[in-house]
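Asker: I need the structure of the sequence given here:
(one chain, ligands or ions: 1)
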Amino acid sequence: MSENILVDIEDLHFTYDGRPVLQGINMRIPRGKVVAIMGGSGCGKTTLLRCIGGQLRPSGGTVRLADAVVSKMSEAELYRLRRRMGMLFQFGALFTDLSVFENVAFPLREHTDLSDEMIRDLVLMKLEAVGLRGAHALMPGSLSGGMARRVALARAIALDPMLVMYDEPFTGLDPIALGVIGRLIRTLNDALGATSIMVTHDVQESLQIVDYIYFLNGGRVVAEGTPDEIRASRDPFVHQFVHAEPDGPVHFDYPAASMQADFSLGGGYAGAA
Ligand SMILES: Nc1ncnc2c1ncn2[C@@H]1O[C@H](COP(=O)(O)OP(=O)(O)OP(=O)(O)O)[C@@H](O)[C@H]1O
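Answerer: Got it, this is the predicted structure:
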């Protein structure tokens, strides 16, 4: 594998209960880049992140991270690998009974033997990086949505990860907070010398901050390119996302039986009384 590629995904397949979700994904993500993954609801974006993080084992193909095949790692190796990965999931999910300081300190206490003084300095540095050093004593319940997301970001980078994965980091944020989080994702990535993968529905923000975008549909990569290539693209998938069109090749409804079969007149639905 080229020295420069941090994440190399080859012909990745994943199946839930016999239902194929990922059907031959190929991606090569160079070190230092911020990459967005987009696609309609349920197309497999979160599943892909979980295969990269080793929480799910693929049914076929490989994910290589640095020079290691993630799906072949033992539990102990995966645990060590996760120390080098930061993850920020939808809504940030802070521990509500821990202060801002303790939330950011959590991965440091969990994964290192650093002294309390060292942990204190590192936590305050990470909080400073997201503009919240002054908020270290607050409890999550007293933070705005944007502040809570910034604390989650500080926690995700607490261990100086080589790879940071974001699952819909902008969900539920107002446009100003969204812009702040977007810029932080970019600047923290560059300051840490990390690589970032972001699953998001926010095309406009992504076009401002990322180096490359992949579009998924039906468990496959259907389009990809740099922000300039994406803006200029005539691909119908890309066009639908960039212009937020409700109709197009991406269907937003989960596949269902016909209305006639599902509703009582059709007599086919056995779910509710
Ligand atoms: N634990 C599970 N068991 C069975 N099926 C699952 C499970 N988790 C997800 N799926 C299914 O796998 C498909 C892909 O889910 P995934 O969460 O990866 O999609 P997504 O692209 O991240 O969607 P969204 O944008 O709505 O979050 C969906 O159809 C979903 O219903």
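Asker: measure the residue in the stretch 51-200 of the chain positioned nearest to the ligand to V35 for me?
Answerer: Among the residues of the stretch 51-200 of the chain, V199 lies closest to the ligand, at 6.3 Å counting by Cβ to the nearest ligand atom. In short, each C-beta sits where N, CA and C put it, glycine included. The gap separating V199 from V35 is 10 Å, by Cβ to Cβ, to the nearest Å.
Asker: just H239 next, same as before
Answerer: According to Cβ to Cβ, H239 and V35 sit 20 Å apart.
Asker: parallel or antiparallel, list what pairs with the helix or strand I37 falls within.
Answerer: Using DSSP states H and E, I37 maps to strand 34-39. The pairing partners recorded for strand 34-39 under DSSP bridges are strand 195-199 (parallel), strand 212-217 (parallel).
Asker: hey, which of those strands is tucked in deepest?
Answerer: Among the strands paired with strand 34-39, strand 195-199 has the highest mean neighbour count (mean count of other Cβ atoms under 10 Å), at a mean of 25.
Asker: which is the next helix or strand following the strand holding I37?
Answerer: Following strand 34-39 in sequence order, the next helix or strand is helix 45-53 (DSSP H and E).
Asker: rounded mean pLDDT for that following helix, please.
Answerer: Computed over helix 45-53, the mean pLDDT rounds to 94.
Asker: re earlier: between H239 and V35, who's got more neighbours?
Answerer: Using other Cβ atoms under 10 Å, the more surrounded residue of H239 and V35 is V35, with 20 against 15.
Asker: go ahead and confirm the more buried one touches S196.
Answerer: Yes: contact status for V35 versus S196: in contact at 7.0 Å, counting by Cβ atoms under 8 Å.
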